[in-house]
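Peer 1: sequence unknown, structure follows:
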């Protein structure tokens, strides 16, 4: 599965959260990082090239700061010119049908404020309706959003936990079965064991992989026994 | 009451609906038409000037085409830089508190598609939550939006009806009492009778004004009698 990570931020170098998360995936060959302000400093978008890029990927992610509850100007411009009739919707062509679409949004306010009674009044689910409507109109499957609330207060532990979840948002199949998650972890460990220069670490990675696979065999056997006991319903 | 009409459209000369509605208010001294793409062709917004303009008006209207369920890029940029902390929200200053805020949005799809089961899935009320949240955060009163669905199919009668409602959205007090509506109509007629070059028309306007005022006197008398009959509860 190939993921197109469309990043938009008016001033990305000043954003700690953007730098942190992008570093975590920049070596991943299944993720294409596509930072709009960097590629189009003059704001003139190459529509054909962008549409080609969309066609070459299975999962499309918009990553941006949630200023005034919406996308930055350049990403909005990108939406308006790239997602045109005949390409993204309409009778003449719907090239995005069946792809997955998700948001990674960075938010400076505490999560609890996003509800009735809070300073922001509405939930993230309510405020992102325009993006859910884009997914619907273009025939894409809308993923649960990945929300980064108040990154600047995060502990190192929280960062580690969130970077793993971020990588899953970008690259894990959208199917939360135990098998999917195990396969994803095995994939990450295999990549890590190939690229690391630390031989001890590589051994640990390989050992972890075989442990996961062995456990799975045991679980599979257990499942067969259970199925037989309960008449394989 | 002074209204600031902030218009944003990437290609306004090609928009029949924009031209139609702007023509209807361009002579009105209580409405400041402020077309962002025209004023800032290079996208560099004069923040201090914009904030001053906001302070000088009582009602703020965003008028724009509802492409991908949100504001055009330049209006979004305006939101991000003008509605800054210390001016629009936060402890250091909330200069917009008590003002009114509304949307005039032009939409190319039929109204019935804006619901579950329709091609757009969500209602306008759901899709405009980000703007409602802006009103809440800045302490402005959110007005019912003025929605223009499929202008290109409108009959002349429908256009006349809608242009009247548009003028009300921009300039009528947000209080739907009979008195408010009568006062608003009298104001419009007085302005028209002063500016028209047709003397017969001016006479008709003046006659209409006196008829409305006479009816109101009769209604007021009736009300006094009723109040006395029912003990002035």
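Peer 2: Perfect, thanks for sending it. Nothing here was measured: the structure is a model prediction, and the numbers come from that model.

Peer 1: low-confidence ranges, chain A, go.
Peer 2: A:231-233 (pLDDT under 70).

Peer 1: and chain A, which residues reach chain B?
Peer 2: With the criterion set to Cβ under 8 Å from any Cβ of the partner chain, chain A comes near chain B through A:10, A:43, A:67-74, A:76-77, A:79-80, A:83, A:119-122, A:126-127, A:129-130, A:132-134, A:136-137. All C-beta spots, glycine's among them, are computed from the backbone N, C-alpha and C.

Peer 1: can you map out the strands along chain A?
Peer 2: Applying DSSP state E to chain A gives strands spanning A:3-7, A:31-35, A:59-65, A:100-107, A:141-142, A:146-149.

Peer 1: ok, which stretches of chain A are helices?
Peer 2: A:16-25, A:36-39, A:47-55, A:73-82, A:124-127, A:129-138, A:156-171, A:178-195, A:199-229 (DSSP state H).

Peer 1: what's the burial count for the closest residue in space to residue A:85 that isn't next to it in sequence?
Peer 2: Using Cβ to Cβ, 6 or more residues apart in numbering or on different chains and skipping residues adjacent in sequence, the residue nearest residue A:85 is residue A:92, 7.0 Å away. Residue A:92 has 8 neighbours, counted by other Cβ atoms under 10 Å in any protein chain shown.

Peer 1: follow-up on the earlier one: dump the strands of chain A into CSV; add distance to residue A:211 and mean neighbour count as well.
Peer 2: Formatted as CSV, those follow (distance: least, Cβ to Cβ, whole Å; neighbours: other Cβ atoms under 10 Å in any protein chain shown):
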stretch, distance to residue A:211, mean neighbour count
strand A:3-7, 28, 22
strand A:31-35, 27, 18
strand A:59-65, 29, 23
strand A:100-107, 31, 21
strand A:141-142, 33, 15
strand A:146-149, 29, 18
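
Peer 1: circling back to that earlier point, okay, the helices of chain A in CSV with mean neighbour count next?
Peer 2: Shown next, in CSV, are the helices of chain A (neighbours: other Cβ atoms under 10 Å in any protein chain shown):
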stretch, mean neighbour count
helix A:16-25, 17
helix A:36-39, 16
helix A:47-55, 15
helix A:73-82, 21
helix A:124-127, 18
helix A:129-138, 20
helix A:156-171, 15
helix A:178-195, 14
helix A:199-229, 12
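
Peer 1: how about those in TSV, adding distance to residue A:1?
Peer 2: Rendered in TSV, the data for the helices of chain A read as follows (distance: least, Cβ to Cβ, whole Å):
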stretch	distance to residue A:1
helix A:16-25	14
helix A:36-39	22
helix A:47-55	14
helix A:73-82	21
helix A:124-127	25
helix A:129-138	17
helix A:156-171	7
helix A:178-195	10
helix A:199-229	20
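
Peer 1: who are the contact partners of the residue lying closest to residue A:28 once chain neighbours are set aside?
Peer 2: Counting by Cβ to Cβ, 6+ apart, the nearest residue to residue A:28 once its immediate chain neighbours are dropped is residue A:171, at 6.7 Å. Counting by Cβ atoms under 8 Å, 6 or more residues apart in numbering or on different chains, residue A:171 touches A:1, A:3, A:25, A:28, A:30, A:31, A:184.

Peer 1: out of these, which is nearest to residue A:198?
Peer 2: Closest approach between the contacts of residue A:171 and residue A:198, by Cβ to Cβ: residue A:28, at 19.5 Å.

Peer 1: which phi and psi does that closest one have?
Peer 2: phi -80, psi 120 (degrees, to the nearest 10).

Peer 1: please report how far it lies from residue A:188.
Peer 2: Distance of residue A:28 to residue A:188, computed by Cβ to Cβ, to the nearest Å: 9 Å.

Peer 1: which neighbours do those two share?
Peer 2: In terms of Cβ under 8 Å, 6+ apart, residue A:28 and residue A:188 are both contacted by the residues residue A:167.

Peer 1: how close does the closest residue to residue A:181 other than its chain neighbours get to residue B:165?
Peer 2: Residue nearest to residue A:181 in three dimensions, not counting chain neighbours: residue A:172, with 7.2 Å by Cβ to Cβ, 6+ apart. According to Cβ to Cβ, residue A:172 stands 51 Å off from residue B:165.

Peer 1: repeat for residue A:1
Peer 2: Distance of residue A:1 to residue B:165, computed by Cβ to Cβ: 50 Å.

Peer 1: got it, and residue A:62?
Peer 2: According to Cβ to Cβ, residue A:62 stands 36 Å off from residue B:165.

Peer 1: swap in residue A:150?
Peer 2: Taken as Cβ to Cβ, the span from residue A:150 to residue B:165 is 43 Å.

Peer 1: ok, residue A:147 next?
Peer 2: Computed as Cβ to Cβ, the residue A:147 to residue B:165 distance reads 39 Å.

Peer 1: who are the contact partners of the residue lying closest to residue A:191 once chain neighbours are set aside?
Peer 2: Closest residue to residue A:191 apart from its sequence neighbours, by Cβ to Cβ, 6+ apart: residue A:28 at 8.0 Å. Each residue near residue A:28 by Cβ under 8 Å, 6+ apart is listed here: A:167, A:170, A:171, A:191.

Peer 1: was I right about residue A:163 contacting residue A:25?
Peer 2: No - at 9.0 Å, residue A:163 does not count as touching residue A:25 under the criterion of Cβ atoms under 8 Å.

Peer 1: isn't the residue nearest to residue A:85 up against residue A:86?
Peer 2: Yes - between residue A:92 and residue A:86 there is a contact under Cβ under 8 Å: 4.0 Å.

Peer 1: and for residue A:176, the neighbour number?
Peer 2: By other Cβ under 10 Å, 9 other residues sit near residue A:176.

Peer 1: for it, list the residues it contacts.
Peer 2: Applying Cβ under 8 Å, 6+ apart, no residues contact residue A:176.

Peer 1: the one 4 residues further on too?
Peer 2: Each residue near residue A:180 by Cβ under 8 Å, 6+ apart is listed here: A:172, A:173.

Peer 1: next one: it from residue A:193, what distance?
Peer 2: Here the criterion is Cβ to Cβ. By it, residue A:180 lies 21 Å from residue A:193.

Peer 1: for residue A:130, what are its contacts?
Peer 2: Going by Cβ under 8 Å, 6+ apart, residue A:130 touches A:70, B:68, B:69, B:70, B:127, B:130.

Peer 1: can you pick out the most distant pair from those?
Peer 2: The widest separation within these (Cβ to Cβ) is 12.3 Å, between B:68 and B:130.
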